[in-house]
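Novice: sequence and predicted structure, then a few things I'm wondering about:
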Amino acid sequence: MLNANLIIAFCIGLLILCLITKVFSLSIKVLWKLIYNSIFGAVCLWLVNFVFGLAIPIKFVTALIAGILGIPGVLLVIIYYLIR
């Protein structure tokens with residue numbers, strides 16, 4: 001027969017497994033969103049360089065700023081390089 005302690009331990013283990021899976025899936029989703037937005041930011045910076053003839057280098061940091069902040073990040077990088 002199944003013991004009550006065994007059933008409780010199984011349920012607690014299953015709950016912990018679900019929580020761990022949720023934590024890891026959340027961080028992977030955030031990582032993919034950051035990568036996607038960084039690529040989008042780099043493409044926006046490339047378009048700005050191509051259309052307006054600016055010489056903004058597309059580095060990891062500039063793509064990351066544009067990726068995290070989106071369009072305001074692209075504008076922030078443009079303003080920074082215009083002021084500098």
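Specialist: Good, I have the coordinates.

Novice: with just CA atoms, put stretch 30-39 into PDB.
Specialist: Written as PDB, here are the backbone C-alpha positions of stretch 30-39 (Å, rounded to 0.1, in the frame of the first residue of the first chain):
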ATOM      1  CA  VAL A  30      14.000  37.000 -20.900                       C
ATOM      2  CA  LEU A  31      17.300  36.100 -22.500                       C
ATOM      3  CA  TRP A  32      15.700  35.400 -25.900                       C
ATOM      4  CA  LYS A  33      13.800  38.700 -25.700                       C
ATOM      5  CA  LEU A  34      17.000  40.500 -25.000                       C
ATOM      6  CA  ILE A  35      18.800  38.800 -27.900                       C
ATOM      7  CA  TYR A  36      15.900  39.600 -30.300                       C
ATOM      8  CA  ASN A  37      15.700  43.200 -29.100                       C
ATOM      9  CA  SER A  38      19.500  43.600 -29.500                       C
ATOM     10  CA  ILE A  39      19.400  42.400 -33.100                       C
END
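
Novice: contacts for it?
Specialist: 63-64, 66-68, 70 (C-beta atoms under 8 Å, 6 or more residues apart in numbering). From N, CA and C alone the C-beta is placed, and that goes for glycine too.

Novice: distance between that stretch and the chain's centre?
Specialist: Centre-to-centre, stretch 30-39 and its host chain are 4 Å apart (C-alpha atoms, centre = their mean, to the nearest Å).

Novice: and if you look at stretch 9-23?
Specialist: Distance, centroid of stretch 9-23 to centroid of chain: 26 Å (C-alpha atoms, centre = their mean).

Novice: if we can go back for a sec, can you tell me which of the contacts of stretch 30-39 is nearest Cys44?
Specialist: Closest approach between these and Cys44, by C-beta to C-beta: Ala66, at 6.1 Å.

Novice: not counting sequence-adjacent ones, nearest residue to that closest one?
Specialist: Spatial nearest neighbour of Ala66, excluding adjacent residues (C-beta to C-beta, 6 or more residues apart in numbering): Gly41 at 2.6 Å.

Novice: so the one you found sits against Val61, correct?
Specialist: No - here Gly41 does not reach Val61: they are 10.7 Å apart, not a contact under C-beta atoms under 8 Å.

Novice: who has more neighbours, these two?
Specialist: Set Gly41 next to Val61 and count neighbours by other C-beta atoms under 10 Å: Gly41 wins out with 24 against 10.
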